[in-house]
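A.B. asks: here you go, sequence then predicted model.
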Amino acid sequence: MDPGGSQSVGPASAVRPFLVTAGRVVADADGRSMPVETQVVATTEGLDALDRLAFEEHDIVAVCRLPQSIAEIAARLRLHLNVVRVLAEDLRAAGQLTVHVPDSGVIHDASVLRRVIDGLRAIPDSRGVTP
């Protein structure tokens with residue numbers, strides 16, 4: 001797998017999101033979800049544990065060799081956004097991911113949102129074609 005995680009993936013999973021997250025719909029114990037622009041990167045422990053992680057958790061840690069936003073991970077792996085939020089929080093709690101939530105003042109900056117949108121548009125589709 002290339003470090004940026006730009007390789008194409010197979011078809012989207014037919015497994016319902018609630019099965020993947022064991023019915024959980026919120027990312028953390030406080031009932032808050034990670035913002036879509038939250039940056040996530042794999043830890044050394046996470047990369048060392050890749051062979052022991054199951055399915056989507058493995059894919060999330062593998063694609064996060066370089067920092068990725070929650071939105072980028074969801075798009076790249078074709079996972080539901082809330083599934084990525086819940087699993088990323090689980091992986092963070094296990095020490096396999098480092099999560100960097102942006103400063104709340106920056107979240108409302110339109111230029112940040114524009115960069116996220118531009119980044120999502122730069123991700124190739126299943127045929128490898130960039131829009």
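C.D. replies: Yep, it's here.
A.B. asks: and the residue nearest to residue 69 when sequence neighbours are not counted, how many neighbours?
C.D. replies: Residue nearest to residue 69 in three dimensions, not counting chain neighbours: residue 37, with 5.2 Å by CB to CB, 6 or more residues apart in numbering. Placement of C-beta: from N, CA and C, glycine included. By the criterion of other CB atoms under 10 Å, residue 37 has 19 neighbours.
A.B. asks: what sits against residue 37?
C.D. replies: Applying CB atoms under 8 Å, 6 or more residues apart in numbering to residue 37 gives the contacts 69, 70, 71, 102, 107, 112, 113, 116.
A.B. asks: is it correct that the second one is in contact with residue 86?
C.D. replies: No: applying CB atoms under 8 Å as the test, residue 70 and residue 86 come out as separate, 10.6 Å apart.
A.B. asks: which residue ranges of this structure form strands?
C.D. replies: 39-42, 68-69, 97-100 (DSSP state E).
A.B. asks: and the contacts of the last one?
C.D. replies: Surrounding strand 97-100, the residues in contact under the criterion CB under 8 Å, 6+ apart are 34, 38-43, 46, 60-61, 64, 67, 88-89, 91-92.
A.B. asks: partners of it in the sheet?
C.D. replies: Within its sheet, and counting by DSSP bridges, strand 97-100 is paired with strand 39-42 (antiparallel).
A.B. asks: buried residues, the partner strand. List them.
C.D. replies: Neighbour counts over strand 39-42 (16 or more other CB atoms under 10 Å) mark 39, 40, 42 as buried.
A.B. asks: for residue 94, see how far away the first one is.
C.D. replies: Going from residue 39 to residue 94 by CB to CB, to the nearest Å gives 18 Å.
A.B. asks: next: residue 42.
C.D. replies: Residue 42 is 12 Å from residue 94, where distance means CB to CB.
A.B. asks: okay, now the unreliable bits of the protein?
C.D. replies: By pLDDT under 70, the low-scoring segments of the chain are 1-32, 104-109, 126, 130-131.
A.B. asks: so which residues of it form helices?
C.D. replies: Read by DSSP state H, the chain holds these helices, from start to end of the chain: 17-20, 44-48, 55-63, 70-77, 81-93, 104-107, 110-121.
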